[in-house]
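Student: Sequence below, structure please.
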Amino acid sequence: MASLAQQFTGLRCPPLSSSRFSVKPKQTQKVGAFASPIVSAVAVSNAQTKDRLELKKMFEDAYERCRTAPMEGVSFTIEDFQTALEKYDFNSELGTKVKGTVFCTDANGALVDITAKSSAYLPVQEASIHKIKHVEEAGIVPGLREEFVIIGENEADDSLILSLRSIQYELAWERCRQLQAEDVVVKGKVVGANKGGVVALVEGLRGFVPFSQISSKTAAEELLDKELPLKFVEVDEEQSRLVFSNRKAMADSQAQLGIGSVVLGTVQSLKPYGAFVDIGGINGLLHVSQISHDRVSDIATVLQPGDTLKVMILSHDRERGRVSLSTKKLEPTPGDMIRNPTLVFEKAEEMAQTFRQRIAQAEAMARVDMLRFQPESGLTLNSDGILGPLTSDLPAEGLDLSDVPEAEDS
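Tutor: Numbering: from 1, shown residues only. Predicted coordinates for the structure are as follows:
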């Protein structure tokens with residue numbers, strides 16, 4: 001105890017000051033300053049608690065609505081949603097036709113929006129039934145909306161490969177079947193040849209013309225890049241067989257060539273003796289002597305290859321396939337073909353009609369002369385030029401031929 005007392009006795013404490021226990025106004029103010037933040041913190045805490053309770057209640061109400069009435073407040077039904085999905089969903093199987101809009105082109109093809117998960121691609125070789133180097137040659141430009149057919153899939157990015165050529169092939173075959181049914185003459189461009197015949201392009205399809213069905217004896221090489229009049233012989237899409245005949249087309253065209261008729265032709269070539277003119281797939285000869293009443297010393301001064309002109313049929317040898325033409329007979333006045341060919345072509349039908357009338361008159365006079373020297377026919381011609389009514393085909397007063405003028409040598 002003594003030692004403990006000694007320890008306490010050794011402690012030194014500072015003297016107590018009465019001022020340390022006095023309450024000063026400033027100290028009272030500090031207590032008030034600390035009390036204000038505490039009250040604010042309590043108020044914020046209460047507000048947050050209230051917000052959390054309101055948010056909790058909101059989620060609970062939403063959950064309850066989803067559980068009990070999931071479609072409440074929705075402007076469309078499940079059926080509407082399914083319809084919307086089907087609108088943008090399509091069958092991507094090969095051969096399926098889809099609508100699409102071109103939105104980009106490049107040197108190799110075009111990108112097409114078909115509302116799929118990725119863009120579809122149209123290669124340049126599938127953009128047209130004809131051979132093209134760029135899709136724009138076939139009218140494929142951004143903004144074009146067209147129907148395409150799915151022909152494949154790009155494994156790299158799962159994008160679809162489209163084709164227009166396949167659709168155009170279908171339409172071309174349908175068109176050929178229609179033309180065959182109508183038995184019409186079409187033009188075909190010769191694009192190839194082999195030992196059996198030539199290959200002609202019609203409606204974008206390559207067909208075969210056997211040499212036995214070509215009217216002329218022209219070599220196959222000379223027919224390349226030329227157009228031939230053709231008629232359909234066989235149209236078989238399943239077997240990809242398309243066969244034409246030039247002979248049938250020429251027979252139809254030649255049947256329409258009447259003596260004295262006016263046709264439109266194109267000068268193909270010039271020779272010292274005349275010009276060869278294409279008149280609907282048939283080559284006719286416009287002899288130098290039949291160009292004009294005036295003498296033509298140089299054909300090239302009047303005609304050039306490629307010129308389009310009207311000509312009149314003078315004669316037609318179907319067995320030999322030769323047609324003689326004339327512009328001389330169409331001249332209103334001699335020499336017009338040299339001085340004013342436009343006038344000749346304007347008056348062509350009128351002059352041809354006059355020529356046909358002269359031909360008819362000449363034939364009538366020839367028949368009259370024949371009957372005059374054939375009394376066994378039962379017909380006689382009196383001095384007034386009246387052919388007697390000796391048959392039931394003639395009127396009772398006879399046929400008056402007195403006004404028929406003499407045939408003139410043109």
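Student: which residues of this protein score low on pLDDT?
Tutor: Scanning the chain for pLDDT under 70 picks out the ranges 1-44, 71, 73-76, 81, 84-91, 253-257, 280-281, 318-321, 370-410.
Student: and if we set it to 50?
Tutor: Counting by pLDDT under 50, the ranges of the chain that qualify are 1-34, 383, 385, 389-410.
Student: Name the residue closest to the centre of it, please.
Tutor: Taking CA atoms, centre = their mean, the centroid of the chain lies closest to Ala138, which sits 8.0 Å from it.
Student: Gly100 versus that residue, what's the distance?
Tutor: Distance of Ala138 to Gly100, given as CB to CB, to the nearest Å: 15 Å. Heads up, the C-betas are built off the backbone N, CA and C, glycines and all.
Student: just checking, next helix/strand downstream of the helix or strand containing Val243?
Tutor: Here Val243, judged by DSSP states H and E, is contained in strand 241-245. Next along the chain after strand 241-245, taking DSSP H and E as the criterion, comes helix 246-255.
Student: That next one vs strand 241-245, what angle?
Tutor: Interaxial angle of helix 246-255 relative to strand 241-245 (axes from the mean of the first three to the mean of the last three CA atoms, to 10 degrees): 40 degrees.
Student: CA atoms only: put helix 246-255 into CSV for me.
Tutor: The C-alpha trace of helix 246-255 is given here as CSV (Å, rounded to 0.1, in the frame of the first residue of the first chain):
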residue,chain,number,x,y,z
ASN,A,246,-35.2,-21.3,-142.6
ARG,A,247,-36.9,-23.0,-145.6
LYS,A,248,-40.4,-22.8,-144.1
ALA,A,249,-39.9,-19.1,-143.2
MET,A,250,-38.6,-18.3,-146.7
ALA,A,251,-41.6,-20.2,-148.3
ASP,A,252,-44.0,-18.0,-146.3
SER,A,253,-42.2,-14.8,-147.2
GLN,A,254,-42.0,-15.7,-150.8
ALA,A,255,-45.7,-16.5,-150.9
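Student: Return the distance of it from the chain's centre.
Tutor: 29 Å (CA atoms, centre = their mean, to the nearest Å).
Student: With stretch 173-188 instead?
Tutor: Distance, centroid of stretch 173-188 to centroid of chain: 17 Å (CA atoms, centre = their mean).
Student: Can you tell me what sits against that stretch?
Tutor: Contacting residues not belonging to stretch 173-188 are listed as 200-203, 205, 207, 209, 227-232, 235, 237, 242, 244, 249, 252-253, 281 [CB atoms under 8 Å, 6 or more residues apart in numbering].
Student: Is it possible to mark the buried ones in those?
Tutor: 200-203, 205, 207, 209, 228-232, 235, 242, 244, 249, 252-253, 281 (16 or more other CB atoms under 10 Å).
Student: In strands, which of those appear?
Tutor: 200-202, 205, 207, 209, 228-232, 235, 242, 244 (DSSP state E).
Student: Which residue ranges of the protein form helices?
Tutor: 2-10, 25-68, 78-87, 165-182, 220-223, 246-255, 336-339, 341-346, 348-372 (DSSP state H).
Student: How many residues are close by Leu264?
Tutor: 14 (other CB atoms under 10 Å).
Student: go on, Glu126?
Tutor: Around Glu126 there are 23 residues (other CB under 10 Å).
Student: For it, which residues are in contact?
Tutor: Gly109, Ile151, Ile161, Leu162, Ser163, Leu164, Arg165, Ser166.
Student: Adding neighbour count, write those residues out as TSV.
Tutor: Below are these laid out as TSV (neighbours: other CB atoms under 10 Å):
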residue	neighbour count
Gly109	21
Ile151	17
Ile161	17
Leu162	29
Ser163	18
Leu164	22
Arg165	20
Ser166	16
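Student: In strands, which of these fall?
Tutor: The strands, defined by DSSP E, take in Gly109, Ile151, Ile161, Leu162, Ser163 from the contacts of Glu126.
Student: so which two of those are the farthest from each other?
Tutor: Comparing all pairs in the ones in strands among the contacts of Glu126 by CB to CB, the longest separation belongs to Gly109 and Ile151, at 12.5 Å.
Student: can the ones in strands among the contacts of Glu126 go into JSON lines with extra columns for distance to Ile359?
Tutor: Shown next, in JSON lines, are those (distance: CB to CB, whole Å):
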{"residue": "Gly109", "distance to Ile359": "63"}
{"residue": "Ile151", "distance to Ile359": "62"}
{"residue": "Ile161", "distance to Ile359": "66"}
{"residue": "Leu162", "distance to Ile359": "62"}
{"residue": "Ser163", "distance to Ile359": "59"}
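Student: The residue lying closest to Ser245 once chain neighbours are set aside and Leu171, how far apart?
Tutor: With CB to CB, 6 or more residues apart in numbering as the criterion, Ser245 has its nearest non-adjacent residue at 4.1 Å, and that residue is Gln213. In this view, Gln213 and Leu171 are 26 Å apart by CB to CB.
Student: When the two are compared, which one has more neighbours?
Tutor: Gln213 (20 against 12).
Student: Spit out the contact partners of the more buried one.
Tutor: Neighbouring residues of Gln213 by CB under 8 Å, 6+ apart: Gly197, Val233, Phe244, Ser245, Asn246, Arg247, Lys248.
Student: redo that, cut-off 6 Å
Tutor: Residues counted as contacts of Gln213 (CB atoms under 6 Å, 6 or more residues apart in numbering) are Ser245, Asn246, Arg247.
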